[in-house]
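J.: Give the three-dimensional model of this entry:
(chains A and B)
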Amino acid sequence: DAKTTQPPSMDCAEGRAANLPCNHSTISGNEYVYWYRQIHSQGPQYIIHGLKNNETNEMASLIITEDRKSSTLILPHATLRDTAVYYCIVRVGGGNQGGKLIFGQGTELSVKP
Amino acid sequence: GAVVSQHPSRVICKSGTSVKIECRSLDFQATTMFWYRQFPKQSLMLMATSNEGSKATYEQGVEKDKFLINHASLTLSTLTVTSAHPEDSSFYICSARDPGLGNEKLFFGSGTQLSVL
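T.: Here you go, the predicted structure:
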């Protein structure tokens, strides 16, 4: 699976949009971009994933560049409860069992009042 | 979404004893589950892939005789840390996919904090 690069930490003001970047310059054509987050001392939580097109769900939006070498996770109105470590993961999708997820170091997002 | 239950949430044991951690898929059947460990201030490290009805697949550097994995049913996988030592103290997390949701999302348990004295 392709390697990802994320900034180690970011701050965001409560109520503002949080934009978390991820570089995956070696991504292959059949690899998806996944985002998970981990709140302290809990198991990771799925946020969103995409292949080529931008995606939006009730939690966030995922913007993938046209060349697919980078992406941005957007939390439109960050709250204090969004403080967590955010992981960007690239892997081959699909199949009967799906592929395993390999976590990088992630971005520690601190949402401040 | 699918629910993965992990038990116990916290365990303290003496050095040399064995500890069993359970991972259950509550509302779906999971033929494959994944076990991770996480040290403080570090990322999750994949330990092994648990396969129902067959042997687990261990990642490089993970001792299969130290970390015994059993996946005897479609809803239960167990991880046993044998002869635990203080260096095994860590946060252990299991995960599984719900085939009914397209196998794309990985659902995680709440984790088990193991402390070996």
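J.: need the helix or strand of chain A with the lowest average pLDDT.
T.: strand A:84-92 (a mean of 90; mean pLDDT, DSSP states H and E).
J.: got it, and chain B?
T.: Least confident helix or strand, chain B: strand B:106-108 with a mean of 90, by mean pLDDT, DSSP H and E.
J.: So out of everything in chain B, what residue is nearest chain A?
T.: At 3.3 Å from chain A, B:Phe108 is the closest residue in chain B, using CB to the nearest CB. In this view, the C-beta of every residue, glycine as well, is placed from N, C-alpha and C.
J.: how about the residue lying closest to that residue once chain neighbours are set aside, what does it touch?
T.: Nearest non-adjacent residue to B:Phe108, counting by CB to CB, 6 or more residues apart in numbering or on different chains: A:Gly43, 3.3 Å away. Residues counted as contacts of A:Gly43 (CB atoms under 8 Å, 6 or more residues apart in numbering or on different chains) are B:4, B:6, B:93, B:95, B:108-111.
J.: Please export the C-alpha coordinates of stretch B:45-53 as CSV.
T.: Presented in CSV, the C-alpha positions along stretch B:45-53 are these (Å, rounded to 0.1, in the frame of the first residue of the first chain):
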residue,chain,number,x,y,z
MET,B,45,0.6,-1.3,14.7
LEU,B,46,-1.0,-4.2,13.0
MET,B,47,-0.2,-7.5,14.7
ALA,B,48,-2.1,-10.1,12.9
THR,B,49,-5.1,-11.0,10.7
SER,B,50,-7.5,-13.5,12.3
ASN,B,51,-9.2,-15.9,9.9
GLU,B,52,-12.3,-17.8,11.0
GLY,B,53,-11.6,-21.5,10.9
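J.: List the buried residues of that stretch.
T.: By neighbour count on 16 or more other CB atoms under 10 Å in any protein chain shown, the buried set for stretch B:45-53 is B:45-52.
J.: What about chain A: which of those touch it?
T.: B:45-46, B:49 (CB under 8 Å from any CB of the partner chain).
J.: Could you tell me which residues make contact with A:Cys12?
T.: By CB under 8 Å, 6+ apart, the neighbours of A:Cys12 are A:18, A:75, A:78, A:82, A:109-112.
J.: Among those residues, find me the one that's closest to B:Arg24.
T.: Nearest to B:Arg24 among these: A:Asp82, at 28.5 Å, using CB to CB.
J.: does the closest residue to the closest one other than its chain neighbours sit in a helix, a strand or a coil?
T.: Of all residues beyond its chain neighbours, the one nearest A:Asp82 is A:Val111 (5.1 Å), with distances taken as CB to CB, 6+ apart. Look at A:Val111: counting by DSSP: H, G, I helix; E, B strand; the rest coil, its state is strand.
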